[in-house]
Every structure is written in structure tokens, then in C-alpha cells.
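**Student:** Sequence first, then the predicted structure:
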Amino acid sequence: MSVTEDKALSSTTMLSIYKEGLDDIININTLFTSAVFIGLSFSNTTETLESREECKPDTGIAKRLVIFEVLSFSFFLLSTLLAKTLKLHLYIIKNKNNSNFLLMTRRLMLVTAAVGTIAGCVFLTLSLIDVVQIRLGKLTCTGSAWIASGFLVAIFALALIFWLPSLLYSQCIAWKLG
């Protein structure tokens, strides 16, 4: 195998990893977007399980829930559309026109898609904390709301710890494709 064949093979392998990274972003966003709609549909019809009056949620928590879920949906939508556009870009252009502008545009779109997914996850987590407060009582009161919110934040942080390295690796491959 010659050096040029080896270089072409590694470029093809890197391109497939890049496309798989985009597919992962799209799949994660689809899953979380569904969670946003499920959260919105259940959030306004449920009553609190908290009996203490000072621990019952006020309308500010419900308003914040809607704001966080709309922000989450917006970031997931942005990220998904950018990832889909990048996939189309890769299928159409296939490295025939690699001007600096197109290369930097692709890199910026990938970084923005990744940041959009992370921001969407953060706002989804915040909205789920508000769902917990609506169902179990305010976080200012000790009890079940703290336990549920603590586990939610811990699991989200653990998931990010495992997901971010693969996302960063995908970013590095995108930089090498240029």
C-alpha cells in the first residue's frame, strides 16, 4: 500500500467518523426534543404532592419551566439543523471545493451544533428540576425534591463526562479533514 493510498484511507475513515459524530448529535437531539414535549404536556396538568403550604411551588416555577423547555427545544433544533446541513454539505461537496471560507464555515457549524446540544441539555436539566419542584415541592424545603434533583444533576454530569470526550474527538477529526 502506497503512502497516498494510506492517506486516502485515513481520510475516508476520518470522514466516516465525522459523519457518525453528526448522526450522534442528531439522534441525541431527537431524543431530548421528545423529552421536552413530554415534559411540557405533563407539567401543567399535575398537582404537587407536597402538603406543606410554604413548600408548594408558585407560578414563577411554572413560568420558568416553560421558558427553560422552550430554550432547550430551540437549542436542540438549532443543533439538529446545523448537523443535518453539515451532513448534506459533506455529501454534496465531497471535498471538491475546500476553500478556507467553506472549511471555516463547516468548523463553525460543527462547534455551534455541539454547543447547541450541550446548552439544550443544560436547559432540559433545569426544566426537569422545575418539574421536580412542581411535583415534590420547592428546593428550599428539604426532602424528596433535593434527592431527585441531586440525582438528576449527578447523572447529567456523568453523562457529559463520558460524552464530551467523543464530541471533542469528532471536533479534532473535523479540523483534520480540512
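**Tutor:** Good, I have the coordinates.
**Student:** Now the spatially most central residue of the chain. Nearest residue, chain neighbours left out?
**Tutor:** The structure's the chain has its C-alpha centroid closest to Thr117; by CA atoms, centre = their mean the separation is 2.5 Å. With sequence-adjacent residues excluded and distances taken as CB to CB, 6 or more residues apart in numbering, Thr117 is closest to Ser79, at 4.5 Å. Any C-beta I mention is one placed from the backbone N, CA and C, and that applies to glycine too.
**Student:** Check Leu128 too.
**Tutor:** Leu152 (5.8 Å).
**Student:** The one you found sits in which helix or strand?
**Tutor:** When elements are defined using DSSP states H and E, Leu152 is found to belong to helix 144-177.
**Student:** again with Arg135
**Tutor:** Following DSSP H and E, the helix or strand that holds Arg135 is helix 100-136.
**Student:** What is that helix packed up against?
**Tutor:** Based on contacts counted as 3 or more CB pairs under 8 Å, 6 or more residues apart in numbering; DSSP states H and E, the elements that helix 100-136 packs against are helix 3-43, helix 59-93, helix 144-177.
**Student:** For the shortest one, could you pull out the residues that count as buried?
**Tutor:** Judged by neighbour count (16 or more other CB atoms under 10 Å), helix 144-177 contains these buried residues: Ala145, Ala148, Ser149, Leu152, Phe156, Leu167, Ser170, Gln171, Ile173, Ala174, Leu177.
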